[in-house]
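**Q** Only the shape, not the letters, is given here:
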Ligand code: SAM
């Protein structure tokens, strides 16, 4: 309650400075009801979560929660809990995501419901909201490249993708121009572009004071560069999904209209139910340019999303079929950890091995020449003499077979484990254990007789105080 009052006061102060040029544009260009729009900024943003389709079964009591209408398995929470103190969050049972962004689920369902073997790029992916959603929607033989150019944000993306557990979601750290050479490679590219952020004023009231027309200008120039760099990597007839959390036309409709006028793409209409409050957006000559989300009309934050089909061709990159030598010794040491399937094993720079489905061998051979990977398949660990030291990500992976010794712990001990503190339990028989909370693995320990060694990576540790 105290938090809400504080939020209200900060917001009330900031609202006095709601940028006038933006309000004018919204009123005169888009005809929004100014009073209702401003009023919507006087209530806190709704917290919403999207449950993992497989791991989310561990969560109880969803029936009392209101559903996000356009995304299966997504719910609004009555208040914001401390997610850091929920072991299920660390197990990847759900992702905390703003509801408007979840509309991407409708688009993927409409275009790719039963599609297989897709190659999808999420270009501006950190912290991973859209990537985790896309991963949940793709078939296992489809490959998702989640890219984030900023190193520190790439690390956060990597953690979130690892927690989500899909081994066909790989992470790269590249500038958009590094993708240009991958001619016609991807079936779909999502550009959730860096923007001036006006749609998130309610979530981050301080951003109001940082907003300026000069910044909007800089943002749309950068968005234009990103689109120009990335479009060659999209297949002919492939899908471009472009989104921002800005209300400014120059960052949204103008970017799409420019591509349409240049004959590079054509718009794709997405079925939208009237009761969702989403507003389709048209050009002066009635061409569909995208969909707008306003907080006084939808139960979510400000958002824009457009879907287009590429019509021009930029050729197709020729993939070379180079077979990798399989490391049979490694397979015999760690293969039993993985679900049945054909895997390739690679040794990474950090001496850890990663496993990925052999189905992606050609993609791996091609992409590693152009891109800098920070996650490939599932990191599974490394040998140490006759022993295999399992990697943290193996415990979180959907490819993890289980079938190892399990140490099921309660919430108190799960949090101790996640803080890398000694758990309040007797040491079990010597050996490796997957630590589980409500049946979901959250990491590894090794019992060595009178002690239990905690193998949670240091940088994954919960740093906040646990009461
Ligand atoms: N898609 C993410 C999600 O749903 O969680 C949010 C992405 S955020 C709107 C935009 C991202 O673009 C940021 O992570 C930012 O670091 C990244 N970015 C910043 N400058 C960029 C550039 N020049 N090219 C590509 N991405 C950039």
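**A** Structure received. Computed from a prediction, not measured in an experiment: that's the story for all the values here.

**Q** Quick one: residues in contact with the longest strand seen in the chain.
**A** The longest strand of the chain (DSSP state E) is strand 234-244. Strand 234-244 is contacted from outside by 101, 104, 107, 111, 184-193, 195, 199, 223, 227, 231, 251-252, 255-256, 259, 265, 268, 290, 303-314, 316, using Cβ atoms under 8 Å, 6 or more residues apart in numbering. C-beta: built from backbone N, CA, C; applies to glycine.

**Q** again, but for stretch 414-425
**A** Contact with stretch 414-425 is made by 85, 87, 90, 407, 409, 412-413, 435, 437, 442-443, 445, 452, 454, 456, 458, 460-462, 466, as judged by Cβ under 8 Å, 6+ apart.

**Q** Now the terminal residues of it, how far apart.
**A** 11 Å (Cα to Cα, to the nearest Å).

**Q** List the buried residues for it?
**A** 414-419, 423 (16 or more other Cβ atoms under 10 Å).

**Q** Just name the closest of those to residue 20, please.
**A** residue 418 (46.5 Å; Cβ to Cβ).

**Q** What confidence value was assigned to residue 87?
**A** Residue 87 is assigned 97 on the pLDDT scale.

**Q** likewise the one 5 residues further on?
**A** With respect to pLDDT, residue 92 has a value of 98.

**Q** next one: the one 10 residues further on
**A** Here the pLDDT value assigned to residue 102 is 98.

**Q** The ligand versus that one, what's the distance?
**A** Distance from residue 102 to the ligand, counting by Cβ to the nearest ligand atom, to the nearest Å: 10 Å.

**Q** how about the residues of the protein near the ligand?
**A** For the chain, the residues in contact with the ligand (Cβ under 6 Å from any ligand atom) are 101, 124-130, 148-150, 153, 176, 192, 194, 222, 226.

**Q** Which ones among the residues you listed map onto strands?
**A** residue 192.

**Q** For ChimeraX, what selects the buried ones among the residues of the chain next to the ligand?
**A** Of the residues of the chain next to the ligand, the buried ones can be selected in ChimeraX as follows, counting by 16+ other Cβ under 10 Å:
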select :101,124,125,126,127,128,129,130,148,149,153,176,192,194,226
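
**Q** Among the residues of the chain next to the ligand, which ones are in helices?
**A** Of those, the ones assigned to helices by DSSP state H are 129-130, 153, 222, 226.

**Q** quick one on the thing from earlier: which members of the contacts of strand 234-244 are positioned in strands?
**A** Per DSSP E, the contacts of strand 234-244 map to strands at 186-192, 265, 290, 303-310.

**Q** of these, buried ones?
**A** Applying 16+ other Cβ under 10 Å to those flags 186-192, 265, 290, 303-308, 310 as buried.

**Q** my guess is residue 127 meets residue 154, correct?
**A** No: Residue 127 is beyond contact range of residue 154, at 10.1 Å (criterion: Cβ atoms under 8 Å).

**Q** Not counting sequence-adjacent ones, nearest residue to residue 97?
**A** Leaving aside its sequence neighbours, residue 97 sits nearest to residue 129 (Cβ to Cβ, 6 or more residues apart in numbering; 4.4 Å).

**Q** wait, what's in contact with that neighbour?
**A** Residues in contact with residue 129 (Cβ under 8 Å, 6+ apart) are 95, 97-98, 101.

**Q** Sketch out the low-pLDDT regions of the chain for me.
**A** Along the chain, segments meeting pLDDT under 70 span 1-17, 321-326.

**Q** which residue is nearest the centroid of it?
**A** Closest to where the C-alpha atoms of the chain average out (Cα atoms, centre = their mean) is residue 128, at 2.3 Å.

**Q** Same list (the buried residues of stretch 414-425) but as JSON lines, adding secondary structure and distance to residue 282.
**A** Formatted as JSON lines, the buried residues of stretch 414-425 follow (DSSP: H, G, I helix; E, B strand; the rest coil; distance: Cβ to Cβ, whole Å):
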{"residue": "414", "secondary structure": "helix", "distance to residue 282": "51"}
{"residue": "415", "secondary structure": "helix", "distance to residue 282": "51"}
{"residue": "416", "secondary structure": "helix", "distance to residue 282": "56"}
{"residue": "417", "secondary structure": "helix", "distance to residue 282": "54"}
{"residue": "418", "secondary structure": "helix", "distance to residue 282": "49"}
{"residue": "419", "secondary structure": "coil", "distance to residue 282": "53"}
{"residue": "423", "secondary structure": "coil", "distance to residue 282": "59"}
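
**Q** about what we covered before: quick one: which of the contacts of residue 129 has the most company?
**A** residue 95 (25 neighbours; other Cβ atoms under 10 Å).

**Q** and it, bridged to which residues?
**A** Note on residue 95: beta-bridge partners by DSSP bridges are residue 50.

**Q** Touching, residue 452 and residue 443? I think so.
**A** No: counting by Cβ under 8 Å, residue 443 is not a contact partner of residue 452; they are 11.8 Å apart.

**Q** These two: who's more crowded?
**A** Taking neighbours as other Cβ under 10 Å, residue 452 and residue 443 compare with residue 443 leading, 26 against 20.

**Q** Give me the neighbour count for the residue nearest to residue 151 when sequence neighbours are not counted.
**A** Closest residue to residue 151 apart from its sequence neighbours, by Cβ to Cβ, 6+ apart: residue 173 at 6.3 Å. Using other Cβ under 10 Å, residue 173 has 21 neighbouring residues.

**Q** what residues are up against residue 173?
**A** When contacts are counted by Cβ under 8 Å, 6+ apart, residue 173 touches 147-149, 151, 154, 372, 374.

**Q** quick one: which of these is most hemmed in?
**A** residue 147 (28 neighbours).

**Q** now it, which residues is it bridged with?
**A** What pairs with residue 147, by the bridge criterion (DSSP bridges), is residue 172.

**Q** ok, now which ones touch it?
**A** Residue 147 is in contact with 121-125, 171-174, 179, 371, counting by Cβ under 8 Å, 6+ apart.
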